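> Model the following, please.
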Amino acid sequence: MAVTFQNKNISFTIKNKLKIKTWIANIITLEKKKLGQVNFVFTTDEDLLQTNIQFLNHNTYTDIITFDYCENKTINGDIIISLERVKENAGKFNVDFEDELKRVLIHGILHLCGYKDKTTKDSELMRKKENWALKKMV
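Below you'll find the model as predicted:
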């Protein structure tokens, strides 16, 4: 199926689009899942905040919201990403914007694969899986 990248109220072009799509598909396969339709939507802090309030009843800023439409082992979902928050986090963690964006992209995919991050234990596993996936980027 497909991985798509879209913009909402922001102008952005993802670098190495084909390489990123291939990487995402490979990670999904390594997780013993099948790629269905995954839509990434890049937007602003304010748009993501409104989505967070409207759909999750959370009045907080975040870098990513993942909507899971998976069926059995087929990965389907919408992943909304605030590029402003990714940029801010890249500065906070002293990493390149592109590297932080890849981490956020794969974080959303890992959520769709069934990984959680609400508890300390789950967060630690999520971080390990992110690092593992980032090393698979060729």
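> residues in contact with Tyr69?
Counting by CB atoms under 8 Å, 6 or more residues apart in numbering, Tyr69 touches 36, 76-78. C-betas here are computed from N, CA, C, even on glycine.
> again with Ile10
When contacts are counted by CB under 8 Å, 6+ apart, Ile10 touches 42-44, 47, 83.
> Quickly find the element holding it.
If you go by DSSP states H and E, Ile10 is not part of any helix or strand.
> Can you tell me how far it is from Asp45?
10 Å (CB to CB, to the nearest Å).
> Now do the strands in this structure.
2-7, 34-43, 64-68, 74-82 (DSSP state E).
> Residues in contact with the third one: which ones?
Outside strand 64-68, the residues that touch it by CB under 8 Å, 6+ apart are 48, 51-52, 55-56, 76-82, 104, 107-108, 111-112.
> cutoff 7 Å now
Strand 64-68 is contacted by residues 48, 51-52, 56, 77-81, 104, 107-108, 111-112 when judged by CB atoms under 7 Å, 6 or more residues apart in numbering.
> before we move on, the earlier item: greatest separation within the contacts of Tyr69: which pair is it?
The span of the contacts of Tyr69, defined through CB to CB, is set by Gly36 and Asp78 at 11.8 Å.
> I appreciate the help and will end here.
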